[in-house]
Structures are given as structure tokens and as C-alpha cells.
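Colleague: What follows is a predicted protein model with its sequence.
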Amino acid sequence: MDEQNANPTEFDVIVWGATGFTGKIVVEYLHQTYGNQTDQLTWAIAGRNADKLRAVIDEVGCDKIPCLLADGSDRASLDALMASTRVVLSTVGPYALYGSLLVEACAASGTHYCDLTGEVQWMRLMIDAHHDEAVQSGAKIVHTCGFDSIPSDLGVHFLQSAMQAREGQPAEQVKYRLVKAAGGVSGGTVASMLNMMDEVAENPQLVTVIADPYALNPLNTVTGQDVNEAATPIYDDVLGQWVGPFVMAGINTRVVRRSHALLGMPYGPGFAYEEGTLIGAGPTGYLKALMASIGTRLGMLLSAIGPTRRLLARFLPKPGDGPERAKREAGFFEVILHGTTGKGQNARQIQVRVTGDRDPGYGGTAKMIAEAAVCLALDPLNGPGGVLTPAVAMGPELIARLTKNAGLTFEVID
């Protein structure tokens, strides 16, 4: 292992947060998929604790991967890191606490960046603070490069491309349905959600941002008719099942709508998008969906109250915690998206399936963000910089990498 100061343009990708639970899985995946320093990919890990970085290298067995020392709270230290790489991959959350200076440094230097955040209020802050600067520098700042929101954002992109090819027009409405999944909730995701509640408690005005279904859209753009997901069960007449809440919908839907806006609204100004979890058919399905809705609302209510939020934090997964390898590798997810355009006899429909072969919270997410970073570093991507989304920044190039290397599938099923 080579502890060193970075040399300009030396690396394609630097992993920031490699000593965390998800960060280690990212390092392991990059090593297994792309090897040590090769012509295929040059990469490194970075942080401020040399001993912890060394331990990751020893555990993974990637002894030729450099370890770079930098301080995430020191802008000069981060600027030196930026000068050495095309892309920074960050797994350090909650990002509202630990990520702002890193994004600032990337936007200023023209260095591409990807992360796993689902913190809508922080993404809005980064858009307002750094989008224009990133456009000027050419930096592609891409949030939500894990289970939230790649299956949603790239799933809609894939569906619309297929719909256009088959019907000559886009789908006016797309519905995302989580069919099944196995795997634990990420401790980092829990920490981010609890921190978001802490921020709301300190600044109640953030409720307006979080509650806005178009919270991530560019300012002064036309919005559609979407509202926040229903608090009660809804029936999906296409799939013939009752639908309950999907915990990531509040993030994913806003990302998809930002993609649509940044692309110039190619699906029409009235494009509608929603997400939910398939629960089941008949009266039993309705009751299960109702209980899921009540449980979700109760959980949100309890987490909004300071004392109960702190109590919940004692029992929920912590950042750095995660399932054993066998459980991660036994995990999976399956999503169906169905799109429609027109009405009555003129209606046209399409369904696509998106699947992953690892647990979505850890193994799947680690592979997704790793391939997003490699895509940003190596693929000939069109378009300007800015605070973008996976679909806008990478689109079909990232789909190709995910299906080739990361165990994901995107397929038309109807």
C-alpha cells in the first residue's frame, strides 16, 4: 500500500468513505471487478485516518490501491484531492452533516461526484448553491446513485425509451411498484432520515421543501399535477393488486421529476409519476396495505417528535452497521414500472422490470454507486455539468454498465 499525496490527474476514481460499512463493500466490488491499478481503471481510497484506511486495504486484499490522506472539513485539503482525480465517490453520510464542503470543492474544480444521499432538503441546498458553478466548471454532481434512486430514475428512462421506440410517443404516466425485496435497511439511510427530522425541528421552514413534490425541480419551471403519495391504500388496476407506501418514494419521485425537467420535459408538461409497494389482491391485500399505511404514518409521526426520535435511534441500525456477507448476497429486489399514454381505445401501455441480485440497502447499492463512478470517469458522456440525476448525467451508458457488471436487469415484459 502506498500512502501518498495525490499527483494531478493520477486517478479515475477516489472512494471517499472507504472505512464505513458501505464504503468497504464498494472497495471490495471495485477490486473484484476492476482489479488493482490497471489501464482499465486507476483508483484510490481516501480519508483522514491512515490506520483505518490501511485496515480496509488489508481486509479486502487490494494492496496496490493507494491510500490518500485528506480532511473533509478542510477546503484546502479537499482541493488537493480534487486535483488528483476525475471522480469522487462519497459514501459519507448523513451528507447534510458531512458532505457540503466536498460538493463545493468538486463543483469549483470541475471534478465529477456521486453519492448515496436521500436527503431532499440537502439536495435542494446543493442545487441552489452549486448547480450554476458546476455548469461552468463541467462538474457532474450526481446524488442518489444507490437503490434510491437508480432503479426509479433509470427505470423511467428505460421505459420511456422503449415506449418511444414501440409507440412513437412517450408514456404520459408511469407507476413504479416494488414487487419484492430482501435485505436490511441501511444504517446510513436511517441516520440521514433522523438527521433530516432534527433539521426540521430546528428549521420548520424545511417542511415546505420536503413536502413539495417538485422540490428538486429547477426554479421557475413548469410543474405537473403530481401530489405526494396517498396515505391510504390504492388499487393498481393494471397489476390487479393493492398498493401500500414505499419508503423511498419521497426521494425517488422528486429525482424522476427533476430528470424530466432537466431534459426539457420530453414526456409532456402533464407527465405524472408515482411509487408504491405491491401488497396483494382482494380483501386480504387491502387490509395488509392499510396496515402498512398506518404503520408508515405512525413511524413518521413518532420520528417527528424529539424524545421518541431519540428513542427510536437506539434500536434502529447505526451508520457502519450492516448484515453479514451471506445475508447481503442472498438479498434481491424486483420492481415493475408500467407506463400509459392516451385514453380509452387509444390507450397504449408498456411494462418493464428492473431487478437486482443483492440486498438493495448494501450490496446492490454499493455496486450501483461504484458503476456510476466508473461511468462518470470513463464513458463519453454528453451534456453539460451541473447538479444532475443519474438518468440525465449517465442514462443508457450507466444502464449498460449495471447490466454488464453489477447484476441488474432492465427488460420490457409487456
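Modeller: Cool, the structure landed. Numbers count the residues shown, from 1 in each chain.

Colleague: And the strands in the stretch 1-150 of the chain, which stretches?
Modeller: Secondary structure of the stretch 1-150 of the chain (DSSP state E, counting those that start in this stretch): strands at 3-4, 11-16, 43-47, 67-69, 85-90, 112-114, 140-142.

Colleague: can you redo those strands as JSON lines with distance to Leu287 and mean pLDDT?
Modeller: C-beta here means a position set from N, CA and C on the backbone, and glycine is covered the same way. Output for the strands of the stretch 1-150 of the chain, formatted as JSON lines (distance: least, C-beta to C-beta, whole Å; pLDDT from 0 to 100):
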{"stretch": "strand 3-4", "distance to Leu287": "58", "mean pLDDT": "41"}
{"stretch": "strand 11-16", "distance to Leu287": "45", "mean pLDDT": "97"}
{"stretch": "strand 43-47", "distance to Leu287": "48", "mean pLDDT": "96"}
{"stretch": "strand 67-69", "distance to Leu287": "54", "mean pLDDT": "95"}
{"stretch": "strand 85-90", "distance to Leu287": "42", "mean pLDDT": "98"}
{"stretch": "strand 112-114", "distance to Leu287": "41", "mean pLDDT": "98"}
{"stretch": "strand 140-142", "distance to Leu287": "40", "mean pLDDT": "98"}
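
Colleague: which one of those lies closest to Ile127?
Modeller: Of all the strands of the stretch 1-150 of the chain, it is strand 140-142 that lies closest to Ile127, at 8.8 Å by C-beta to C-beta.

Colleague: Most tightly packed of the strands of the stretch 1-150 of the chain?
Modeller: strand 112-114 (a mean of 30; mean count of other C-beta atoms under 10 Å).

Colleague: so what secondary structure elements neighbour that strand?
Modeller: With contacts defined as 3 or more C-beta pairs under 8 Å, 6 or more residues apart in numbering; DSSP states H and E, strand 112-114 has these neighbours: strand 85-90, helix 100-109, strand 140-142, helix 365-378.

Colleague: would you list those in TSV and tack on distance to Leu408?
Modeller: Compiled in TSV, the helices and strands packed on strand 112-114 are given as follows (distance: least, C-beta to C-beta, whole Å):
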stretch	distance to Leu408
strand 85-90	18
helix 100-109	26
strand 140-142	17
helix 365-378	8
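
Colleague: closest to Ala406 out of the ones you listed?
Modeller: Using C-beta to C-beta, the nearest of these to Ala406 is helix 365-378, at 4.0 Å.

Colleague: right, and the helix or strand after the closest one?
Modeller: strand 386-388 (DSSP states H and E).

Colleague: Can you give me the pLDDT of Val185?
Modeller: pLDDT recorded at Val185 is 64.

Colleague: mind checking which of the helices and strands packed on strand 112-114 is nearest Ala330?
Modeller: helix 365-378 (15.2 Å).

Colleague: Can you list the buried residues in the closest one?
Modeller: 365-378 (16 or more other C-beta atoms under 10 Å).

Colleague: What is that helix packed up against?
Modeller: Secondary elements touching helix 365-378 (3+ C-beta pairs under 8 Å, 6+ apart): strand 11-16, helix 21-34, strand 85-90, strand 112-114, strand 140-142, helix 395-405.

Colleague: now with 6 Å?
Modeller: strand 11-16, helix 21-34, strand 85-90, strand 112-114, helix 395-405 (3 or more C-beta pairs under 6 Å, 6 or more residues apart in numbering; DSSP states H and E).

Colleague: What strands line up against the fourth one, and which way round?
Modeller: When you say that, I think you mean strand 112-114. strand 85-90 (parallel), strand 140-142 (parallel) (DSSP bridges).

Colleague: so which of the ones you listed gets nearest Val60?
Modeller: strand 85-90 (15.2 Å).

Colleague: Give me the contact list for that closest one.
Modeller: 11-17, 106, 112-115, 373, 376-377 (C-beta atoms under 6 Å, 6 or more residues apart in numbering).

Colleague: of all the helices and strands packed on strand 112-114, which lies closest to Thr277?
Modeller: helix 365-378 (18.1 Å).

Colleague: Need the per-residue pLDDT for the residue lying farthest from the centre of the chain.
Modeller: Relative to the centre of the chain, the most outlying C-alpha is that of Gln345, 37.4 Å out, by C-alpha atoms, centre = their mean. pLDDT recorded at Gln345 is 80.

Colleague: for the one 10 residues further on, same thing?
Modeller: The predicted local distance difference test score for Thr355 is 98.

Colleague: and it, bridged to which residues?
Modeller: Assigned bridge partners for Thr355, using DSSP bridges, are Glu334, Thr409.

Colleague: what about it, neighbour count?
Modeller: Neighbours of Thr355 under the rule other C-beta atoms under 10 Å: 19.

Colleague: what's the residue positioned nearest the centre of the chain in contact with, if anything?
Modeller: Centroid check for the chain by C-alpha atoms, centre = their mean gives Thr144 as the closest residue, at 2.3 Å. Applying C-beta under 6 Å, 6+ apart to Thr144 gives the contacts Val255.
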